[in-house]
Structures are given as structure tokens and as C-alpha cells.
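**Q** Sequence plus predicted model, see below.
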Amino acid sequence: MPNHLTREQLKDVIDFSEAIYVADNIGLYTPWMSNELLQRLNNNPRIPSIDSIKEALADYRSNEKNLQAYTEFMTHFDMIFERTLYSYVNTLAFDLCITCTNAFTQSDYESELYQKDKAIVYRFLDQFDYKSEFRKVVIQLMKRETYFTWFRKTKWGNKGMKFALQIMPQDYCLLTGYWEKGMLYDLDYNYFLQPGVDINGFDPSIKKMYSMIFSGDNQNWYNYRPTNPLNKRTGQFAYWAQTSPEDGAWAN
């Protein structure tokens, strides 16, 4: 047998070594891993029993995840349960009625400043499909009671800016505070250590915090305080880090 590799064998070795390098240093992604991660963002059902339901309800504060999982299962298992749940969701029309809080006279409504502000509001509503997004929120609230999202904006070619609520990994988010417009939550960055998770699919502020958490000179754990102001919610505890509505983090 020859002691040297053929051209085809050498190419196979190079291709294999490149694949190992990519998997080890960049990350190996497949369609099946991406699909599985998408399904697990807010869909982790568990099959309930009478005893498990009674046990979970008896100590509902400690069984939040179980009750959410049972609800998710029943939504797909029992048609009557699903229809009942969606009947509540579908009663909401999400028809907006804009009311100005600082315009009082006819001249106020006819002023150039009012017309300019109204145009800004209408432009935002044209760029944000609020009926679709809010309906998704209500569905998840009916199933989970709490729903973690991230307000994202992106530019679509010549169509201008578009806005949407990105689903966050629900099992890796935790309510830790509140402010005048809702709840505040922390994010477990262990999620981004899972195979197949591409952090570039999330808000840039998350990637920035990820780099800070896993850097050798990170000192953010000194700054972990529940009362941190919104513009300074950079505290960290282990692999958990605070999020802020100013960056787009919204808990409903």
C-alpha cells in the first residue's frame, strides 16, 4: 500500500479538521438544533396526573414551572381546554384610541407641534404590528402568567425600521424587581453556553453583557442590587445578569 495520501484523502482530512475547529471555536449549528431551541423557548410541556396537579396547586409558589408545563400540555391535548383559553384571548380587539394628555384647546390640536407628534405615533404604529404582537403576549400570559420578551428594531431594506417583541428563553428568565410600568427580570447566561445557541440572534446589549460575564476582570457582581436604576442595571450574580427596559427587556 502507498505510504502517502491521495489528493482526495488529503482533502477529506483538511475538511474534517476544519469542521472540528469550527465546532470547537465557533460553534456547530444544524437545522435540527435551531428548530429544537426555538421550540424550547416557551414550550416545555409535561404530562400531568390528578395527584401531580393537586400537589402543584397545593404549593403553587414552588411549582410555577410545573403548572406552566401542565397548561402547555393541556392546550394541545384537550380541545375544549384550548378553545376556552383562546376564547379569552380573542375577546380583545386591541383597537387603539389615542388621547393627548397635554392638549386642551382647539388651537392645541391644530398646532404644528401636535401634528408632528401625532405623525410620530402613527409612524411607530405602522412599523410595529401591535395587534399581532400583543395577541401573542396575551396567549402566553394565559398559559404562563408571566412572559419575558425583548423589544427589537431592525431595518428592512427600503421598507424602513420595523419593530417586534422577541421571545426570550422563558426558563432562563426570573422576575427580580418592578418599576412604574411593570416588572423587571434577570437573564441566566448559561442559556448561551448550550450547543446551537447563536448569541448574535439576540440584542447587542446581551452580547456585551456576555463578554463582561466571562471576562477575567469582570467586577459586575459587586453591583448586583435590586434597586439599581434602569440605566445602571448591569449587576451580575454568578451567571445571572440584570436586564433593563431601556435596552428592550420587557416582562409582562
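**A** Thanks, I have it.

**Q** Now the element after the lowest-mean-pLDDT helix or strand in the chain, going C-ward?
**A** None of the helices or strands of the chain scores lower by mean pLDDT, DSSP states H and E than helix 7-25, at a mean of 61. Scanning forward in sequence from helix 7-25 by DSSP states H and E, the next helix or strand is helix 31-39.

**Q** residues in contact with that next one?
**A** Contacts made with helix 31-39 from outside it, assessed by C-beta atoms under 8 Å, 6 or more residues apart in numbering, are listed as Gln194, Pro195, Gly196, Val197. Every residue, glycine included, has its C-beta placed from N, CA and C.

**Q** if we go to 6 Å?
**A** The contact list for helix 31-39 (C-beta atoms under 6 Å, 6 or more residues apart in numbering) reads Gly196.

**Q** CA-only coordinates of it in PDB, if you can.
**A** Taking only C-alpha atoms (Å, rounded to 0.1, in the frame of the first residue of the first chain), the coordinates of helix 31-39 have been written out as PDB:
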ATOM      1  CA  PRO A  31     -31.200  23.000  11.300                       C
ATOM      2  CA  TRP A  32     -32.400  20.400  13.900                       C
ATOM      3  CA  MET A  33     -30.700  22.100  16.800                       C
ATOM      4  CA  SER A  34     -32.000  25.500  15.700                       C
ATOM      5  CA  ASN A  35     -35.600  24.100  15.500                       C
ATOM      6  CA  GLU A  36     -35.300  22.400  18.900                       C
ATOM      7  CA  LEU A  37     -34.000  25.600  20.500                       C
ATOM      8  CA  LEU A  38     -36.900  27.600  19.000                       C
ATOM      9  CA  GLN A  39     -39.400  25.100  20.300                       C
END
